[in-house]
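K.L.:
Sequence and predicted structure are below.
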Amino acid sequence: MTRLVLRGRVLSFRRAPEGPHDLSACLWEEDGAVAVSDGLIADCGAFSAVCRPDDEIADHRPHLILPGFIDPHIHMPQTQVVASWAAELLDWLNDHTFPAEAAFADPDHAARISGAFCDELIRHGTTTAVAYCSSHAASAEALFAAAEARGMCMVAGKTLMDRNAPQGVLDTAQSGYDDSMALIARWHGRGRALYAITPRFAITSSPAQLEAAGALAAEHPDCLVQTHLSENREEIRFTGELYPDAPDYFGIYERYGLTGPRSLFGHCIHLSDRERAAMAESGSVAVFCPTSNLFLGSGLFDAEGLAQAGVRQAIATDIGGGTSWSMLRTLDEGRKVLQLQGQRLDPLASFHRITLGNAEALGLASRIGTLDPGTEADLAVLDSAATPAMALRRERVESLADELFLIQTLGDDRAVAETYVGGVQFKGRI
Ligand code: GUN
Ligand code: ZN
């Protein structure tokens, strides 16, 4: 079988860099190649070492070839909610988000938006997402089908929400459990699909529903769990009122068995020391959503404090609270959030975060997030001179880190020259 060999400047991470100049954390080949066969990476290294006489070659020089980006927190039914004005989180949910999500009871609408959602991710170089669907099982069906049609690794779940929202987006503790069970049976582990048990947050789930979500998690320990935690002051106050016996917000999720190494908690901005320690102890993941936190005025994610407490982390767009589909824009805004707190995010650490770092947060690093042979062939081809301004800045680039920083700071979907999903060239076809 003919292999496809992508030629370019190849960058992949072996581990988290230990400083801004720690190139030993990377596989970096100036004249590099990635060989792809049967949807998997067959080989990766210097072009002269990888290429065989009968290989088909896709020459991407002088572009960079990286693992496809991973977005570990995004809402598919908010594809049309992005850029909707509101004062803060709870108004934004009530005024824009819940009404838009109600429309996903219609399977045709769910199919159309799911297709557009996957295409938009791919256009931005994102090859795996962990996505919330609406509360309608049909929306999860539609998203898994759209991802499967494109060969994408998609982690998703039907949102569980049985109170404090309009009728059109509510399920019940029982129907949410039953629908999730059926979706897990149908999709979890089918092709590249994985299921995430998805209680939206404690405000919209009754104790009975969180109990049911915990039962699902216990019955399916290899599924992921995703929810929101400690994003906004008013949200935290209302949550405390609804769960008066809980020690704090994270304690609610602990009480119902929803924490642990496969649990992703969006936002995690206003946490107490006890919550940080409990998150670390359980191996739970805090997901930084910078463009969303800035857009909704939610607060500044304390990456250093969480790291010192030993909390695992990931970084994500949170479309449609987030304002960009681009993981490059997300890194740029994330760095600014950290700068405001005297914290630093250097370019190597940035690109580690959106590839191997996020893959590790999902427990999927043996499959995605690197260019290691045997892993799935999801790749992003990056052009650091994609716009006239980028091209001018590149004339003065002095190192790989400098070039990565240029891409992160000035780049967006235009900097993604091509995306490969499961070894198939995609962006040019969208
Ligand atoms: N908290 C509960 N639901 C949501 C949501 O859809 N977006 C954000 N940003 N926070 C939430
Ligand atoms: Zn969210």
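P.N.:
Cool, the structure landed. Ligands and ions are numbered 1, 2, ... in the order given.
K.L.:
quick one: buried residues of the longest helix seen in the chain?
P.N.:
Determined from DSSP state H, the single longest helix within the chain is helix 107-123. Neighbour-count burial for helix 107-123, counted by 16 or more other Cβ atoms under 10 Å, picks out 109-111, 113-115, 117-123. C-beta here means a position set from N, CA and C on the backbone, and glycine is covered the same way.
K.L.:
What's the first helix or strand after it?
P.N.:
The helix or strand immediately downstream of helix 107-123 is strand 126-132, counting by DSSP states H and E.
K.L.:
That following strand pairs with which strands, parallel or anti?
P.N.:
strand 69-75 (parallel), strand 153-157 (parallel) (DSSP bridges).
K.L.:
Return the most buried member of these.
P.N.:
Ranked by mean neighbour count, these are led by strand 69-75 with a mean of 28 (mean count of other Cβ atoms under 10 Å).
K.L.:
Contacts made by that one with the rest, please.
P.N.:
81, 97, 121, 124-132, 226, 264, 266, 285, 287, 289, 314-322, 327, 354-355, 358-359, 361-362, 368-369, 380 (Cβ atoms under 8 Å, 6 or more residues apart in numbering).
K.L.:
which of these are close to ligand 1?
P.N.:
When Cβ under 6 Å from any ligand atom is applied, the members of the contacts of strand 69-75 adjacent to ligand 1 are 97, 318, 321.
K.L.:
which residues of this protein score low on pLDDT?
P.N.:
Within the chain, the segments meeting pLDDT under 70 span 428, 430.
K.L.:
hmm, back to that, the inter-axis angle of the longest helix of the chain versus strand 126-132?
P.N.:
140 degrees (axes from the mean of the first three to the mean of the last three Cα atoms, to 10 degrees).
K.L.:
Now for residue 360, how many residues are close by?
P.N.:
Burial of residue 360 is recorded as 22 neighbouring residues (other Cβ atoms under 10 Å).
K.L.:
which non-adjacent residue is nearest it?
P.N.:
Setting aside the residues directly before and after it, residue 360 is nearest to residue 369 in space (Cβ to Cβ, 6 or more residues apart in numbering), at 7.2 Å.
K.L.:
which phi and psi does that neighbour have?
P.N.:
Phi and psi for residue 369, reported as degrees, to the nearest 10, are phi 100, psi -10.
K.L.:
Show the contacting residues for it.
P.N.:
By Cβ under 8 Å, 6+ apart, the contact set of residue 369 is 13, 67, 70, 355-360, 375.
K.L.:
what residues are up against residue 45?
P.N.:
Shown in contact with residue 45 (Cβ under 8 Å, 6+ apart): 10, 27, 29, 32-33.
K.L.:
Output those residues as JSON lines; include the columns distance to ligand 2.
P.N.:
Formatted as JSON lines, these follow (distance: Cβ to the ion, whole Å):
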{"residue": "10", "distance to ligand 2": "33"}
{"residue": "27", "distance to ligand 2": "33"}
{"residue": "29", "distance to ligand 2": "37"}
{"residue": "32", "distance to ligand 2": "36"}
{"residue": "33", "distance to ligand 2": "38"}
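K.L.:
Adding neighbour count and distance to residue 335, write those residues out as JSON lines.
P.N.:
Below are the contacts of residue 45 laid out as JSON lines (neighbours: other Cβ atoms under 10 Å; distance: Cβ to Cβ, whole Å):
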{"residue": "10", "neighbour count": "26", "distance to residue 335": "24"}
{"residue": "27", "neighbour count": "16", "distance to residue 335": "24"}
{"residue": "29", "neighbour count": "22", "distance to residue 335": "26"}
{"residue": "32", "neighbour count": "26", "distance to residue 335": "27"}
{"residue": "33", "neighbour count": "25", "distance to residue 335": "31"}
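K.L.:
Looking at the residues you listed, which two lie furthest apart in space?
P.N.:
Using Cβ to Cβ, the contacts of residue 45 reach their maximum pairwise distance at 27 and 33, which is 11.7 Å.
K.L.:
What separation do you get for residue 369 and residue 308?
P.N.:
To residue 308, residue 369 is 24 Å away according to Cβ to Cβ, to the nearest Å.
K.L.:
what do you get for residue 118?
P.N.:
37 Å.
K.L.:
do the same with residue 64
P.N.:
32 Å.
K.L.:
now do residue 427
P.N.:
39 Å.
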